[in-house]
Each structure stands twice: as C-alpha cells, then as structure tokens.
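Enquirer: Okay, predicted coordinates and the sequence, questions at the end:
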Amino acid sequence: MIQQRTQRTQRTRQRTILYAEDDDDAATILRAACQNSRLTHHIHVVTDGAKAIEYLGGEGRYADRDRFPLPSLLLLDLKMPRKNGFDVLSWIRSGTGINRLPVIFFSTSADPSDINRAYDLGANSYAVKPSGIEGLVDLLNYLEGWWMGVNEVPGLEAAGCGYD
C-alpha cells in the first residue's frame, strides 16, 4: 500500500521537460498551447543544441539544479544551430550518465531518413509538429498522458544526475 502510494506520488509530482527549439515563434506557440492543455509540468526552453548539452550536463549557468533541474523528458527539435538534434541525441546516448533520458524528436520534418536516423540514434519517439495550435494542444495532452503520466522515468547513473 505504501509502495503504491509512493509510486503514484512520484508519477504525479512536478517534473521538468526540456524543450530544445531555436525558433522563438515555435517556443511561444508551444507555451500558449501548454496553457490550453492538460500539461502540468514545467518546461525549460533552450535555443540551440549546444545549450541543450550544457543544460543536460549541468555546465555554466545550468549548474544550479534547483533552478535548472534535470528533466524527465527532452523534446528535441531536429534542425538547430551550433549542434543539431542528432548531435544532442548522440551525446546523450554516448554514456553520459543520462543515456536513459526519454527523448522525443519534435520536428517539422517528416522526411523518412530523418525519422529513421532519429530512431537509429536511440530516440524514444518522433513527432511531426502539427500546423495549428489545436493539434499542438492534442499532442501535448498525449504527451502528458503517456510520457509524463503512465511512463515510468528511468534512473540515471551519473553522480548528481539522479531523480529524487
């Protein structure tokens, strides 16, 4: 009974989603869609792949895990400056200690070669961004229901990278 209650509390507690997106308009639209969805978790936005790696690695300004907690989920744009989504995913899956972090590609590209490469590199899911805000709200509701609700967050191995 206590174990079930603890598991339920862990599943429903506030989690963090990291959204790596270089397009300010897309990030603004996602934030607006969050207001109309069932998504209840905090979203941190970084504007390129290099910043995503800095955030995930706890480097520089992202070293303060109280302000920049390790995410439970990464929404990753594909085409970003400095480092693209494939670069970020390759870094995550290369034994960084957060290699189990659930990663969802969230891209405008429906190119089969992009989708296949994302899965080959270890993506957990690939979603093509819907064109309208209603479709985005629906997608966020699915994300909340499965990835942030039903799905169990894996443990992370590196010191300082574990979930509480």
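Expert: Structure received.

Enquirer: Please list all residues in contact with the residue minimising distance to the centre of the chain.
Expert: For the chain, the residue sitting closest to the mean C-alpha position, by Cα atoms, centre = their mean, is L74 at 1.3 Å. Listed by Cβ atoms under 8 Å, 6 or more residues apart in numbering, the contact partners of L74 are I17, L18, Y19, A20, A52, L56, V88, I92, L101, P102, V103, I104. Just so you know, the C-beta spots here come from the backbone N, C-alpha and C atoms, and that holds for glycine as well.

Enquirer: now do the same end-to-end measure for stretch 51-68.
Expert: 12 Å (Cα to Cα, to the nearest Å).

Enquirer: Contacts made by the helix or strand containing N116 with the rest, please.
Expert: Counting by DSSP states H and E, the element that carries N116 is helix 112-120. For helix 112-120, contacts defined as Cβ under 8 Å, 6+ apart pick out L78, G85, F86, L89, F105, S107, S109, Y126.

Enquirer: quick one: strands adjacent to the helix or strand where the residue nearest to the centre of the chain lies?
Expert: Taking DSSP H and E as the criterion, L74 maps to strand 73-76. Neighbouring strands of strand 73-76 in its sheet, by DSSP bridges, are strand 16-20 (parallel), strand 103-107 (parallel).

Enquirer: can you put those strands in JSON lines and add mean neighbour count, mean pLDDT and distance to V45?
Expert: Listed next are the strands paired with strand 73-76 as JSON lines, based on neighbours: other Cβ atoms under 10 Å; pLDDT from 0 to 100; distance: least, Cβ to Cβ, whole Å:
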{"stretch": "strand 16-20", "mean neighbour count": "23", "mean pLDDT": "87", "distance to V45": "5"}
{"stretch": "strand 103-107", "mean neighbour count": "24", "mean pLDDT": "91", "distance to V45": "12"}
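
Enquirer: Which stretch among those strands approaches G122 most closely?
Expert: Nearest of the strands paired with strand 73-76 to G122, taken as Cβ to Cβ: strand 103-107 at 7.3 Å.

Enquirer: what's the angle between that closest one and helix 112-120?
Expert: 170 degrees (axes from the mean of the first three to the mean of the last three Cα atoms, to 10 degrees).

Enquirer: neighbouring contacts of strand 103-107?
Expert: By Cβ under 8 Å, 6+ apart, strand 103-107 touches 19, 21, 73-79, 85, 89, 92, 114-115, 118, 122-129, 143, 147.
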